[in-house]
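Colleague: just a sequence and a predicted model for now, questions to come.
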Amino acid sequence: MTARTLNLDDSLYHYLLDVSLRETPLLKRLRDETQALPMARWQVAPEQGQFLALLVKLTGARRLLEVGTYTGYSALCMAAALPDDGSLICCDIPGDYNATARRYWQEAGLAGRIDLRLAPALDTLGELERQKQGGQFDLVFIDADKANYPTYLEHALRLLRVGGLAVFDNTLWSGRVLEDNPESADTRAIQALNRALKDDARVDLSLLPLGDGLTLCRKK
């Protein structure tokens, strides 16, 4: 027994996947294809994708928003967990990987649930607010440029309904959050987000050591 979170070595991590991961062959194929790309590290871990799908079901979410989509693995996990009338808006910038995402969404029969908007995410989020969609989303998953994480939080809180979830990826940042004087703007932004959330009375909070760190913020 232990009073703290276990450190997962390779054997224990593979055991975790072996007894709990329910990845479909299509998701596995997408993950394998993505691993061959130069920016493969942008993809979420498979257990994170499954956890996001569970959050969608647990919260009864119908309207989702994703900031940072890449080849579409996490979007596919969440879209598959939506009810038939559910929808997901994905924010990303133009890239060759957009076609990969669309191809797999189409193959899964879920392309009709997913609206991929190719523009700087801050522009898309601002446009949603100007369209009076504040308070209309159930869950926002944020896994994009880290330097804008504190700004994404403010947009998420305006767009989420009360009781909705903002979920941030990479909040442990491979341990770089421990750096005293980081040169990286990304590292500084994640540190700032983590420190600010600790005392943010607008949310209920939990930072999970899942993948590279996954922070859940429930809007009060």
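Modeller: Cool, got the structure.
Colleague: show me which residues of the strand ranked longest in the chain are buried.
Modeller: Looking across the chain with DSSP state E, the single longest strand is strand 160-169. Within strand 160-169, the residues that count as buried by 16 or more other CB atoms under 10 Å are 160, 164-169. Bear in mind the C-beta positions are built from the backbone N, C-alpha and C, glycine included.
Colleague: now do the helices in this protein.
Modeller: Along the chain, the segments classed as helices by DSSP state H run 10-20, 25-35, 46-59, 73-81, 97-107, 121-130, 149-159, 185-198.
Colleague: so which of the ones you listed gets nearest residue 137?
Modeller: Nearest of the helices of the chain to residue 137, taken as CB to CB: helix 149-159 at 4.9 Å.
Colleague: helix 121-130 and that closest one, what's the angle between them?
Modeller: Calculated by axes from the mean of the first three to the mean of the last three CA atoms, to 10 degrees, helix 149-159 forms an angle of 20 degrees with helix 121-130.
Colleague: what's helix 149-159 packed up against?
Modeller: Under the contact criterion of 3 or more CB pairs under 8 Å, 6 or more residues apart in numbering; DSSP states H and E, helix 149-159 touches strand 63-67, helix 121-130, strand 137-142, strand 160-169, helix 185-198, strand 214-219.
Colleague: with just CA atoms, put it into CSV.
Modeller: Taking C-alpha atoms only, helix 149-159 is exported to CSV below (Å, rounded to 0.1, in the frame of the first residue of the first chain):
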residue,chain,number,x,y,z
TYR,A,149,-2.7,28.1,-22.1
PRO,A,150,-3.7,30.8,-19.6
THR,A,151,-5.6,32.6,-22.3
TYR,A,152,-7.3,29.4,-23.4
LEU,A,153,-8.5,28.9,-19.9
GLU,A,154,-10.3,32.3,-19.9
HIS,A,155,-12.0,31.4,-23.3
ALA,A,156,-13.0,28.0,-22.0
LEU,A,157,-14.6,29.4,-18.9
ARG,A,158,-16.7,31.8,-21.0
LEU,A,159,-17.7,29.1,-23.4
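Colleague: no more questions from me, cheers.
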